[in-house]
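Enquirer: Provided below are the primary sequence and the corresponding predicted coordinates.
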Amino acid sequence: MTVVVVAAAICSGGRVLAAQRGDPPALAGGWEFPGGKVDPGESEAEALVRECREELGVEISVGRRVGGDWPLAPGYVMRVFLATLVEGAPQPKEHLALRWLAPEEYFSVPWLEADLPVMKAVADVLARD
């Protein structure tokens with residue numbers, strides 16, 4: 001059975017929110033899109049809203065999906081959705097740091113291996129919108 005992990009490309013004024021991992025040690029310091037596992041009985045959108053509430057202290061509106069299933073560790077796939085802030089200012093509750101990246105900064109942080117191709121796809125989508 002494949003475990004689905006959802007991630008939010010939270011966008012505001014052309015900027016994208018990036019989150020720096022604190023753990024596990026193998027991923028610490030790398031940058032990712034916030035999100036997490038979909039719980040049983042939960043839709044992907046519901047999981048993403050819950051994860052952003054828990055990890056960032058914000059309410060989001062989930063938009064369209066970016067790409068297909070992005071591979072993670074064996075048995076895991078990531079599904080990424082564009083999102084917008086509805087309420088709150090993101091706080092790094094479970095991350096070392098957060099950064100809003102403007103288009104010229106999209107690749108200025110060391111993205112995790114799984115998230116780098118996603119950032120490229122998100123950049124392409126935002127450039128077309």
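Expert: Received the coordinates, thanks.

Enquirer: Now the most centrally placed residue in the chain. Nearest residue, chain neighbours left out?
Expert: Nearest to the mean C-alpha position of the chain, counting by Cα atoms, centre = their mean, stands Phe33 at 2.3 Å. Nearest residue to Phe33 in three dimensions, chain neighbours excluded: Ala7, at 3.9 Å (Cβ to Cβ, 6 or more residues apart in numbering). (C-beta placed from N, C-alpha, C; glycine too.)

Enquirer: Could I get the contacting residues of the one you found?
Expert: Applying Cβ atoms under 8 Å, 6 or more residues apart in numbering, we find Ala7 in contact with Glu32, Phe33, Pro34, Gly35, Leu48, Met78, Arg79, Val80, Phe81, Asp115, Val118.

Enquirer: May I see these organised as TSV, with pLDDT and distance to Glu59 added?
Expert: Rendered in TSV, the data for the contacts of Ala7 read as follows (pLDDT from 0 to 100; distance: Cβ to Cβ, whole Å):
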residue	pLDDT	distance to Glu59
Glu32	97	20
Phe33	97	17
Pro34	97	13
Gly35	97	15
Leu48	98	11
Met78	97	22
Arg79	98	20
Val80	98	19
Phe81	98	15
Asp115	96	23
Val118	96	22
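
Enquirer: Restricted to buried residues, select those residues in PyMOL.
Expert: Burial among these is assessed by 16 or more other Cβ atoms under 10 Å; the matching PyMOL selection reads:
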select buried, resi 32+33+34+35+48+78+79+80+81+115+118
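
Enquirer: Determine which two of the contacts of Ala7 are furthest apart.
Expert: The largest separation in these, counting by Cβ to Cβ, is between Leu48 and Asp115 at 15.2 Å.

Enquirer: what are the ranges of the helices in this protein?
Expert: Assigned by DSSP state H, the chain shows helices spanning 44-56, 116-128.

Enquirer: From the chain's centroid, how far away is the last one?
Expert: A distance of 12 Å separates the centroid of the chain from that of helix 116-128, by Cα atoms, centre = their mean, to the nearest Å.

Enquirer: Any buried residues in that helix, and which?
Expert: Buried residues in helix 116-128, counted by 16+ other Cβ under 10 Å: Leu116, Val118, Met119, Ala121, Val122, Ala123, Val125, Leu126.
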